[in-house]
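Colleague: this one's structure only:
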């Protein structure tokens with residue numbers, strides 16, 4: 001087979017495919033002429049009565065809500081600085097010029113008299129750039 005005959009046969013095949021078989025054309029025309037079936041509707045539901053209002057009942061527990069929200073009351077005050085705890089190794093500044101004690105924990109008292117302890121992480125030694 002030559003290239004020309006290949007082209008002609010593929011062209012004829014495309015033309016036949018575009019025209020389609022005669023049965024397909026007839027069914028397409030019939031579909032356009034015939035009326036479409038009515039769409040299905042949902043069944044109607046019977047109306048229901050409204051729910052009547054009722055008086056609500058709650059059980060209040062006074063002891064449960066006596067102490068407030070449980071958070072820390074501002075301001076926080078350090079009453080005794082001698083209760084501070086320090087890490088064994090001092091912290092070195094990033095430039096290496098200063099050496100200062102590194103806080104481990106500090107104890108504070110809030111406005112409600114409750115103790116609050118702040119625990120701090122051990123400082124990491126800076127690495128040389």
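Modeller: Received it, and whenever you're ready, just let me know what you need. All values reported here derive from a predicted model rather than from experimental measurement.
Colleague: how far does stretch 71-83 sit from the chain's center?
Modeller: Put simply, stretch 71-83 sits 37 Å off its chain's centre (CA atoms, centre = their mean, to the nearest Å).
Colleague: Not counting its own residues, what contacts that stretch?
Modeller: Applying CB atoms under 8 Å, 6 or more residues apart in numbering, the contact partners of stretch 71-83 are 106-112, 114, 116. For glycine as for every other residue, the C-beta is placed from the backbone atoms N, C-alpha and C.
Colleague: which one of the residues you listed sits closest to residue 95?
Modeller: Nearest to residue 95 out of the contacts of stretch 71-83 is residue 106 (CB to CB; 25.6 Å).
Colleague: how about the residue lying closest to the closest one once chain neighbours are set aside, secondary structure?
Modeller: Closest residue to residue 106 apart from its sequence neighbours, by CB to CB, 6 or more residues apart in numbering: residue 118 at 5.0 Å. Using DSSP: H, G, I helix; E, B strand; the rest coil, the structure places residue 118 in strand.
Colleague: Which single strand of the chain contains the most residues?
Modeller: strand 103-109 (DSSP state E).
Colleague: Give me the packing partners of it, helices and strands only.
Modeller: strand 85-86, strand 115-119 (3 or more CB pairs under 8 Å, 6 or more residues apart in numbering; DSSP states H and E).
Colleague: For residue 35, which of those strands is the nearest?
Modeller: Nearest to residue 35 among the helices and strands packed on strand 103-109 is strand 115-119 (81.2 Å), distances taken as CB to CB.
Colleague: angle of that closest one against strand 103-109?
Modeller: Following axes from the mean of the first three to the mean of the last three CA atoms, to 10 degrees, one obtains 160 degrees for the angle between strand 115-119 and strand 103-109.
Colleague: What residues of stretch 108-120 count as buried?
Modeller: Judged by neighbour count (16 or more other CB atoms under 10 Å), stretch 108-120 contains these buried residues: 108-109.
Colleague: Just the mean pLDDT for that stretch, thanks.
Modeller: Averaged over stretch 108-120, pLDDT sits at 91.
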